[in-house]
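Q: I would like the atomic coordinates for the input below:
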Amino acid sequence: MSVFLSKPKGENPKPSRTPQIFLNARLIDPESGRDELGGLLVQDGLIADLGPHLRRNAPEGAAVIDCQEHVLCPGLIDAQVITGEPGQEHRETLKTASRAAAAGGVTTVVVMPDTSPVIDQVALVDFIQRRARDNAIVHVHTMAAMTRGLKGEEMTEIGLLKRAGAIAFTNGKSSIGNTRVMRNVLNYAKDFGALVMHHCEDPYLSSNASMNSGEVATRLGLAGVPTVAETIVVERDVRLVEKTGGRYHSMTITCAESLEVIKSAKARGLDVTCGVSINHLTLNENDVTGYRTFFKVRPPLRHENDRKAMVAGIADGGIDIIVSSHDPQDVDVKRRPFQEAADGAAGLETLLPAALRLYHSGDVELVALLKAMTLNPAKLLGLHSGRLRKGTIADMILVDLNEPWVVNKDLLRSRSKNSPFDEARLQGRVLRTVVAGETVYQYAGHEPALAAD
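A: As a prediction, this is how the structure comes out:
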């Protein structure tokens, strides 16, 4: 069974005063490149010491956790999470999202402004922070909208929103088609050192389409979105970054051409980064063949060659971060004909085990894979977590890399069950999730059904 410790956690959870020692662990730290057997000491919510000298030596009075040589690494940071709170709590709440995150080894989530109302005002940023402090068991940060109502027309008060606690700015699941508005956003954000994170998909080329354009879409009789719809926006945004000097992140690229644009921009010294969703790393357009709406995501799943290009981008560092692109949708909008169904997939709980497919297949080294989900997003967002270092916050996970299991959507902690990995066989399980030194999730055998929140 799984155990949740439900004491509320917020931005600054109260740390445990009892020292804890994690013995006999395989310590992996993407920042230093550490990969060795050892131990780690937690005191007052911080990492007090770590290394091989602690592998079997427990300080007097410390609570002992025997890791049995399983991986102990930084907790994951998921930089793209949609919840339904406020306004659509039937899809997901901050409480249910945080429970799913904890079970998946995610210790920090960054929530998107795609809510009702949209998070485009200071009061709403404050609302999310207060709700997370009272209900979430992991850290929660907020991305604010960069245009009013995510309509792409009128810029929000970026300076005030950043001062209120917004960690970055985005237009949610929609692109800004107006180039003048996008230029003004980048210019204005630069003055405040704010990060702009953009969903790149031309709204005209992608309108009324539901999957990747190509042979599979033609065979299924579905309207397709060409990869050029993405690349055009990425190319435009990079040109604007070159003119404005703003900080820019392309949220979820999906094709080789977009990756080449980003790599070229980095080579020219531009402050540009990019991410990819776990769906586009592990699935492709062929998964849509059965018209299963759980595979309808945005951007759409691409050709296998593009999936391989994304995997290679993680392996060589061309792609900076991996996100779950968690977008819970209820039955009413998913149980429809494919063309009419809502896009989106629940992904917090399956982010790590799905990513481990790339490690088990030999496509990506474990340290590189974890780096894209821990250290890199921490650096991108200016967080102090994402690494195992003395003095840093003790956000960590204990992982059994090899335990096989089958995903059962009915047992997922997310309020919505639209997982593309439903019934998939995965290898790798989070055994323990620690936030600021306190265990918020512990796995202890088979997973029974949990009562709905």
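Q: and stretch 279-287, end to end?
A: 11 Å (C-alpha to C-alpha, to the nearest Å).
Q: what does that stretch contact?
A: 211-212, 214, 216-217, 252, 254, 295, 297, 299-304, 306-307, 310-311, 314, 322, 325, 345, 347, 354-355, 357-358, 420 (C-beta atoms under 8 Å, 6 or more residues apart in numbering). Where C-beta positions appear, they are placed from N, C-alpha and C, glycine not excepted.
Q: what residues sit buried inside that stretch?
A: By neighbour count with 16 or more other C-beta atoms under 10 Å, stretch 279-287 contains the buried residues 279, 280, 281, 282, 283, 284, 285, 287.
Q: closest to residue 373 among those residues?
A: Distance to residue 373 across the buried residues of stretch 279-287 (C-beta to C-beta) is lowest for residue 281, with 11.1 Å.
Q: phi and psi next, for that closest one.
A: phi -90, psi -30 (degrees, to the nearest 10).
Q: shaky segments in the protein?
A: Within the chain, the stretches with pLDDT under 70 are 1-16, 446-453.
Q: can you list the domains in it?
A: 2-73+391-443, 74-381 (automatic domain parsing).
Q: deepest in the core, which of those domains is it.
A: Ranked by mean neighbour count, those are led by domain 74-381 with a mean of 21 (mean count of other C-beta atoms under 10 Å).
Q: quick one: that domain to chain centroid distance?
A: 8 Å (C-alpha atoms, centre = their mean, to the nearest Å).
Q: gap between the two ends of that domain?
A: 16 Å.
Q: quick one: residues contacting residue 127.
A: residue 86 are the contacts of residue 127 under C-beta under 8 Å, 6+ apart.
Q: a helix runs through it, doesn't it?
A: Yes: the assignment for residue 127 by DSSP: H, G, I helix; E, B strand; the rest coil puts it in a helix.
Q: separation between it and residue 80?
A: 20 Å (C-beta to C-beta, to the nearest Å).
Q: hmm, back to that, identify the farthest-apart pair in the buried residues of stretch 279-287.
A: Top of the distance list for these (C-beta to C-beta): 281 and 285, 14.0 Å.
Q: residue 49: which of the buried residues of stretch 279-287 is nearest?
A: Nearest to residue 49 among the buried residues of stretch 279-287, with distances taken as C-beta to C-beta, is residue 281, at 35.0 Å.
Q: let me know the outermost residue of this protein.
A: Taking C-alpha atoms, centre = their mean as the measure, the residue most remote from the mean C-alpha position of the chain is residue 60, 38.1 Å away.
Q: that residue and residue 21: what is the separation?
A: 10 Å.
Q: how about residue 155?
A: Counting by C-beta to C-beta - residue 155 and residue 21 are separated by 50 Å.
Q: cool, and residue 342?
A: According to C-beta to C-beta, residue 342 and residue 21 sit 47 Å apart.
Q: now do the contacts for residue 396.
A: Contacts of residue 396 (C-beta under 8 Å, 6+ apart): 22, 40, 72, 73, 74, 75, 107, 388, 433, 434.
Q: any idea what it is bridged to?
A: Taking DSSP bridges as the rule, residue 396 bridges to residue 74, residue 434.
Q: also residue 63?
A: Residues in beta-bridge contact with residue 63 (DSSP bridges): residue 20.
Q: hmm, it is touching residue 18, no?
A: Yes: contact status for residue 63 versus residue 18: in contact at 5.5 Å, counting by C-beta atoms under 8 Å.
Q: mind listing the strands for the stretch 201-350 of the chain?
A: 211-212, 224-225, 247-250, 272-277, 321-323 (DSSP state E, counting those that start in this stretch).
Q: please name the strands paired to the third one in the sheet, noting orientation.
A: It stands for strand 247-250. strand 195-198 (parallel), strand 272-277 (parallel).
Q: CSV for those strands, including distance to residue 375?
A: CSV is the format used below for those (distance: least, C-beta to C-beta, whole Å):
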stretch, distance to residue 375
strand 195-198, 16
strand 272-277, 13
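Q: I figured residue 148 hits residue 120, correct?
A: Yes: applying C-beta under 8 Å, one finds residue 148 in contact with residue 120, separated by 5.6 Å.
Q: who touches both of those two?
A: residue 156.
Q: for the residue lying closest to residue 256 once chain neighbours are set aside, give its distance to residue 250.
A: What sits nearest to residue 256 in space, not counting adjacent residues and going by C-beta to C-beta, 6 or more residues apart in numbering, is residue 309, at 3.7 Å. Separation of residue 309 from residue 250 (C-beta to C-beta): 15 Å.
Q: quick check: angle from the helix ranked longest in the chain to strand 272-277?
A: Using DSSP state H to define each element, the chain has its longest helix at helix 228-244. Helix 228-244 and strand 272-277 are oriented at 150 degrees to each other (axes from the mean of the first three to the mean of the last three C-alpha atoms, to 10 degrees).
Q: need the residues that contact helix 228-244.
A: Contact partners of helix 228-244, identified using C-beta under 8 Å, 6+ apart, comprise 175, 179, 182-183, 186-187, 190, 198, 200-202, 205-206, 246, 248, 250, 253-255, 257-258, 261-262, 264-265, 268, 270-272, 299.
Q: with just CA atoms, put it into PDB.
A: Only the C-alpha atoms of helix 228-244 are listed here, as PDB (Å, rounded to 0.1, in the frame of the first residue of the first chain):
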ATOM      1  CA  VAL A 228       6.000  23.600 -39.500                       C
ATOM      2  CA  ALA A 229       3.200  25.100 -37.300                       C
ATOM      3  CA  GLU A 230       5.500  24.800 -34.400                       C
ATOM      4  CA  THR A 231       8.800  25.600 -36.100                       C
ATOM      5  CA  ILE A 232       7.500  28.900 -37.500                       C
ATOM      6  CA  VAL A 233       6.600  30.200 -34.100                       C
ATOM      7  CA  VAL A 234       9.900  29.000 -32.500                       C
ATOM      8  CA  GLU A 235      11.800  30.700 -35.300                       C
ATOM      9  CA  ARG A 236       9.800  33.900 -34.900                       C
ATOM     10  CA  ASP A 237      10.300  34.000 -31.200                       C
ATOM     11  CA  VAL A 238      14.000  33.400 -31.400                       C
ATOM     12  CA  ARG A 239      14.300  36.400 -33.800                       C
ATOM     13  CA  LEU A 240      12.400  38.500 -31.300                       C
ATOM     14  CA  VAL A 241      14.700  37.400 -28.500                       C
ATOM     15  CA  GLU A 242      17.600  38.400 -30.600                       C
ATOM     16  CA  LYS A 243      16.200  41.900 -31.000                       C
ATOM     17  CA  THR A 244      14.900  42.400 -27.400                       C
END
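Q: this completes my enquiry, with thanks.
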